[in-house]
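Chemist: sequence and computational prediction follow.
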Amino acid sequence: MNGSIGSDGGKKKMDVLVLGFANLVADGISMGFGDFTSSNSEKEVASKERAVTEWDVGNRNGPELMELLQKYQELGMDVDDAATVVSIFAKYNNILVREKMVAQGMLPPDKAEKPWKNGLATFPAFLVFGNASLLSFIVLIPFTNNDSVKFVGACVLSAIALALLGIAKAKIAGQNYAFSVAITLFNGAIAAAAAYAVGWTLKNVAGLEA
């Protein structure tokens, strides 16, 4: 929306709203599908790596146990303790496979994870937070025709949405709330400024009409 406003100076309000909502839905679908494919690919890679590790444990048990023993020693574990831990793991193939994958820097596949759920959750979340700027224009229509006021309202609502996103991110990741909100707002401000600048440039420098 910032790109549209930058290019037409705030004119054609309905065009901006329609274009903004259409882009929002398209981007939401793209983001949701991207999340689905990314999660699905990660799960497939993890499953293949687990299959390879299971074969190694089943057919090259000795060398695999030695590698795990050396890894624990590199992490600072006493030789006797490392040998004890490895000998216990050797009795349980599933645990041994998981430990081998972790030791090699690989994440075991999460059987409970559903890639389609990730994609489905991303779409509405993107719409909810992305609608903030459009919502201000719709809410302010009965009260004012001043495009500058609506634009400021869009900026304020967008900032609130980004702040809430930063708070949610901090809560989930256990980060500092103020820092997370500041980073999220900074990222949003840079993205909005870039979109506005592109729209303004296309209109005033390249001579393209919105």
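Modeler: That came in fine, so what should we check first?
Chemist: from now on I want contacts and neighbour counts done on CA atoms only, so please keep to that.
Modeler: Fine.
Chemist: from the contact counts, what lies against the longest helix seen in the chain?
Modeler: In the chain, taking DSSP state H as the definition, the longest helix is helix 13-59. Packing partners of helix 13-59 (3 or more C-alpha pairs under 8 Å, 6 or more residues apart in numbering; DSSP states H and E): helix 93-103, helix 115-130, helix 132-140.
Chemist: which one of those helices lies closest to residue 82?
Modeler: Closest approach to residue 82 among the helices and strands packed on helix 13-59 (C-alpha to C-alpha): helix 93-103, 12.8 Å.
Chemist: next, the angle helix 93-103 makes with the longest helix of the chain.
Modeler: 120 degrees (axes from the mean of the first three to the mean of the last three C-alpha atoms, to 10 degrees).
Chemist: run the chain-centre distance for helix 13-59.
Modeler: Per C-alpha atoms, centre = their mean, to the nearest Å, the displacement of helix 13-59 from the mean C-alpha position of its chain is 10 Å.
Chemist: that helix: what's the following helix or strand?
Modeler: helix 61-74 (DSSP states H and E).
Chemist: buried stuff in that next one?
Modeler: 64, 65, 68, 69, 70, 71, 72, 73 (16 or more other C-alpha atoms under 10 Å).
Chemist: make a markdown table from the residues you listed and add distance to residue 170 to it.
Modeler: Shown next, in a markdown table, are the buried residues of helix 61-74 (distance: C-alpha to C-alpha, whole Å):
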| residue | distance to residue 170 |
| --- | --- |
| 64 | 39 |
| 65 | 39 |
| 68 | 35 |
| 69 | 37 |
| 70 | 37 |
| 71 | 33 |
| 72 | 33 |
| 73 | 35 |
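Chemist: so which of those sits lowest on pLDDT?
Modeler: Sorting the buried residues of helix 61-74 by pLDDT puts residue 64 at the bottom of the list (80).
Chemist: surely that one meets residue 54?
Modeler: No: in this structure, residue 64 is not within contact of residue 54 by C-alpha atoms under 8 Å, at 10.4 Å.
Chemist: look up how far residue 74 lies from the spatially most central residue of the chain.
Modeler: Centroid check for the chain by C-alpha atoms, centre = their mean gives residue 35 as the closest residue, at 7.8 Å. Distance, residue 35 to residue 74, by C-alpha to C-alpha, to the nearest Å: 36 Å.
Chemist: and residue 147, by the same measure?
Modeler: Relative to residue 74, and taking C-alpha to C-alpha, residue 147 is found at 64 Å.
Chemist: try residue 130
Modeler: From residue 130 to residue 74 the distance is 48 Å (C-alpha to C-alpha).
Chemist: again with residue 177
Modeler: 36 Å.
Chemist: and residue 143, which of the three is it?
Modeler: Recorded secondary structure, residue 143: coil (DSSP: H, G, I helix; E, B strand; the rest coil).
Chemist: distance of the residue of the chain positioned farthest from its centre from residue 92?
Modeler: No residue in the chain sits farther from the centre than residue 80, which is 43.0 Å out by C-alpha atoms, centre = their mean. Per C-alpha to C-alpha, residue 80 is found 19 Å from residue 92.
Chemist: likewise residue 39?
Modeler: 29 Å.
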